[in-house]
Every structure is written in structure tokens, then in C-alpha cells.
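S.K.: curious how this folds, go ahead:
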Amino acid sequence: MLMKAMILAAGKGTRLGKITEKIPKVLVDINGKSLLHLAVEKCTASGFADIIINVHHFADMVEEEIRKLNKMGFRITVSDERDMLLETGGGLYKAREFFDKDPFLLYNADIVTDLDISTLYNFHLEKKGLATLAVRHREGIRYYLVNAEGLLRGWVNKATGERIVTGPENEELSEIAFSSIHIINPEIFRYMTKGVYTMTALYLQLASSNNIYTCLFDGGFWANVGTPEILEEVRKKLR
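M.R.: Numbers count the residues shown, from 1 in each chain. This is a model prediction of the structure:
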């Protein structure tokens with residue numbers, strides 16, 4: 001049985017500047033393969049070989065790449081968001097009919113990593129939470145707040161000072177950065193609605209009454225291909 005995954009590929013990639021004026025971010029070339037191709041390979045190699053991909057920005061071009069990938073033997077369905085970009089939460093909810101009763105993978109197409117997704121999946125099965133989020137120590141602006149067990153308890157934006165805490169006020173919390181890779185139980189759809197919202201906003205709503213775990217992966221390579229500099233770094237790393 002093939003496990004299911006959703007690859008989030010609808011974003012505009014504006015931080016890449018001129019590179020994404022004529023092509024979508026997910027079609028940026030990494031040594032002969034698109035970013036989307038690498039994401040599909042990553043999910044498939046980890047056993048998540050039945051994949052749905054959302055499209056919005058330059059949707060026709062992304063669909064053409066998906067047709068090529070399907071001809072290569074990958075199994076990919078399209079979730080069309082041409083009319084409106086729904087963010088990560090709204091996009092997942094729109095694709096809800098694709099999933100079955102088993103936990104699934106949610107993966108950002110702009111992530112390049114050697115993180116072991118099967119370890120994340122097994123951790124999720126062991127903990128029996130509603131969702132498990134891959135995290136790591138890295139520099140950033142926005143962080144999740146987690147307790148000693150790794151349970152999500154809040155979120156902080158270092159640039160604006162905004163801080164949301166969903167757990168007990170006296171609990172000791174640490175800051176950790178999200179790696180944009182989730183394992184999620186399909187029961188999450190019971191708590192979701194149609195609309196435009198992020199998964200982080202949803203998790204923060206649910207964290208006080210549901211176990212949303214984080215799983216730490218500090219080793220190996222991880223990059224969010226968000227700027228020209230990081231794009232070059234990833235090309236060098238994978239060359």
C-alpha cells in the first residue's frame with residue numbers, strides 16, 4: 001500500500017527576485033532537476049508515493065512538470081488553487097478527499113534535506129499525537145515554543161515581539177524552528193474549515209486540547225530555497 005503525501009507547491013517565491021519572474025519557484029533548476037522533482041523523489045523514496053500537489057502561481061507550467069513526472073512513473077494528482085491561493089491550511093483542507101484513514105506527509109516543495117522521513121513517521125506512530133512536526137535549531141525570526149516533552153505550546157515572532165502561548169503559564173518552554181515537514185493524522189480534518197489560513201495558525205488553535213508533537217532533527221542537511229544565495233548553496237551541496 002502506498003502512503004499518501006501532499007507537496008505544497010503553490011507559492012510565488014518572491015524572495016528569489018528575478019529568478020521567479022518567468023517561472024514558478026518550484027521549477028527552479030537544481031543541477032538538472034526542478035525543485036518539485038526533488039521533492040517528489042524525496043517523498044516517494046520515503047514510501048509516500050501517492051502524492052497530491054497544489055498549484056496556483058504559473059499553474060500551467062507546474063502542471064506540465066507534473067505530467068512529465070507522471071510519465072516517469074511517479075503517481076501525482078493535482079489540487080487546483082488557480083482561483084485563490086489558500087495558504088498551507090486552506091490548501092490541505094481543499095485536498096482532504098485525497099487522503100484515507102492513515103497518517104500522511106505534508107511537505108513544502110522548497111525544502112531540500114536529507115532528513116529521514118521514515119524516522120519522523122515512526123516517531124509519530126509511537127507518540128500517537130494528532131500531528132508531528134520536524135524541527136531543528138537554526139537561526140530565524142519565527143519559532144515554535146515547546147515543552148520538555150516536545151509538545152507544541154506556542155509560537156513567537158522575534159521581529160515583532162508577538163508571542164502566543166497555548167499551554168500552562170508556568171511551563172518552561174524552549175524555542176525551536178520548524179522544518180516545514182509534517183506527519184498528520186487525517187482526523188485533523190474534523191477541526192478544519194474552508195478558508196485561507198496556515199497550518200501554524202491551526203496547530204496553535206488545537207495545541208491546548210490535542211497533542212501536537214515536535215521531533216528534533218539537528219544533524220544532516222536542511223535548506224529552504226528562499227533566496228538566490230540559498231539556491232546556490234543547495235546547488236553546490238547537491239552537485
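
S.K.: separation between Val234 and Phe74?
M.R.: Val234 sits 21 Å away from Phe74, going by C-beta to C-beta, to the nearest Å. Quick note: C-beta positions are derived from backbone N, CA and C, even for glycine.

S.K.: cool, Ile111 as well?
M.R.: The spacing between Ile111 and Phe74, counted by C-beta to C-beta, is 18 Å.

S.K.: settle it for me: which of the two has more neighbours?
M.R.: Between Ile111 and Phe74, counting by other C-beta atoms under 10 Å, Ile111 is the more crowded of the two (22 against 17).

S.K.: specify the local secondary structure of the most far-flung residue of the chain relative to its centre.
M.R.: Within the chain, Asn170 marks the point farthest from the mean C-alpha position, 30.6 Å out by C-alpha atoms, centre = their mean. In terms of secondary structure, Asn170 is coil; the call rests on DSSP: H, G, I helix; E, B strand; the rest coil.

S.K.: quick one, what contacts Phe99?
M.R.: Contact analysis of Phe99 by C-beta atoms under 8 Å, 6 or more residues apart in numbering lists 4, 186, 189.

S.K.: quick one, helices of this protein?
M.R.: Using DSSP state H, the helices of the chain run over 35-45, 59-71, 87-94, 117-127, 199-206, 228-238.

S.K.: helices or strands up against the first one?
M.R.: If contacts are counted by 3 or more C-beta pairs under 8 Å, 6 or more residues apart in numbering; DSSP states H and E, helix 35-45 sits against strand 4-8, strand 50-55, helix 59-71, strand 104-108, strand 111-113.

S.K.: I'd like the ones you listed as TSV, with mean pLDDT and distance to Thr200 appended.
M.R.: Conversion of the helices and strands packed on helix 35-45 to TSV gives the following (pLDDT from 0 to 100; distance: least, C-beta to C-beta, whole Å):
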stretch	mean pLDDT	distance to Thr200
strand 4-8	98	13
strand 50-55	98	17
helix 59-71	98	24
strand 104-108	98	12
strand 111-113	98	15
